[in-house]
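# Coordinates only, no sequence provided:
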């Protein structure tokens, strides 16, 4: 019989094994995998926190039936239930795109969260990459609705594209405002502190950046691509089982991303408590504000928000 202790000692005595486990590539992969695991756990408890907060706002009990710990393991129960259900594919739809779209939507937000773990976040390209990833997410929302080949899902796809195009400009201009403020602060020796809260210098741009991210990720009150009262779920109407779980995971990853980006851009340095405060605000907005109508969304963006944002940007350029 093979002596396991001798075998382990032999393997560890080889320089190649030790070099592999101490190499930069292995450590980088380990950091990525641990970060993804932490994000998935964060999404699980974020869904529980959101349902509890909505229960408090609406004067009702949140999930408290699973376990004796006030429903702490409710997210895991929901995950098992969704995983055990069949994911139907419409016979008249595009089967490949229908199944691939939720996977890509989830992967986009996972890749977006990998940006702070690489050297990309130390360059001026990180915000550009982030905006591109958010735009791709809206595109795959539209593709998932189109692939279902039903009336409600197709209307939801059109809404997703129109909403993404409109609010992407708001997010981009808001980002440019804070980039300008950070560059002005770096050029002044007395304001070169990287922990200075830029959101306090321009609260209008910070507020509009938050609203833009809410619309880009499809959170309430800008969840027009879903629209349960109008479109019976929109692009989600035909999804179920594991595919629906992936879309739900992508939406909650987007909420985590909103908290991280708002904190990093407007209220540095990045910390868990600030992210939690931003995510709490996102949940309160969803639970207390009604969904806006689609016909009022375009005037809101192009007539109200964009001129107000340009005025705020011009004010920052002239006064700082």
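That came through, no problem. In this text, all values refer to a predicted model and were calculated from it rather than measured experimentally.
# Give me the contacts around the helix or strand where residue 311 lies.
Per DSSP states H and E: residue 311 is located in helix 306-319. Helix 306-319 is contacted from outside by 169-170, 173-174, 176-177, 180-181, 201-202, 204-205, 208, using C-beta atoms under 8 Å, 6 or more residues apart in numbering. The way it works is simple: take the backbone N, C-alpha and C, and place the C-beta from them, glycine included.
# Give me the buried positions along it.
306, 309, 312, 313, 316 (16 or more other C-beta atoms under 10 Å).
# I'd like the residues you listed as CSV, with pLDDT appended.
Output for these, formatted as CSV (pLDDT from 0 to 100):
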residue, pLDDT
306, 89
309, 89
312, 84
313, 84
316, 78
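# Out of those, which is nearest to residue 164?
Closest approach to residue 164 among those (C-beta to C-beta): residue 306, at 15.0 Å.
# could you measure that closest one against residue 166, distance?
Between residue 306 and residue 166 the computed distance is 9 Å (C-beta to C-beta, to the nearest Å).
# and after whichever strand or helix holds residue 81, which helix or strand comes next?
Take DSSP H and E as the rule and residue 81 turns out to sit in helix 74-84. Scanning forward in sequence from helix 74-84 by DSSP H and E, the next helix or strand is helix 95-114.
# outside of that next one, which residues touch it?
Contacts for helix 95-114 (C-beta under 8 Å, 6+ apart): 32, 35-36, 39, 87, 89-90, 130, 133-134, 136-137, 140-141, 143-144, 146-148, 238-239, 243-244, 246-247, 249-250, 253-254, 256-257, 260.
# Counting neighbours, which of those residues end up buried?
With neighbours counted using 16+ other C-beta under 10 Å, the contacts of helix 95-114 contain these buried positions: 39, 87, 89-90, 130, 133-134, 136-137, 140-141, 143-144, 146-148, 238-239, 243-244, 246-247, 249-250, 253-254, 256-257, 260.
# host element of residue 245?
helix 241-266.
# Show me which positions of the following helix or strand past that helix end up buried.
Downstream of helix 241-266, the next assigned helix or strand under DSSP H and E is helix 272-288. Neighbour counts over helix 272-288 (16+ other C-beta under 10 Å) mark 274, 275, 278, 279, 282, 283, 285, 286, 287 as buried.
# Residue 259 is in contact with the third one, correct?
Yes. Counting by C-beta atoms under 8 Å, residue 259 is a contact partner of residue 278 at 4.1 Å.
# Against residue 97, how distant is residue 285?
In terms of C-beta to C-beta, residue 285 sits 32 Å off from residue 97.
# Correction: the previous question concerned residue 52.
36 Å.
# which of those two has more neighbours?
residue 52 (18 against 15; other C-beta atoms under 10 Å).
# How about the contacts made by that one?
62, 63, 71.
# mind running it again at 10 Å?
Residues near residue 52 by C-beta atoms under 10 Å, 6 or more residues apart in numbering: 61, 62, 63, 64, 70, 71, 74, 283.
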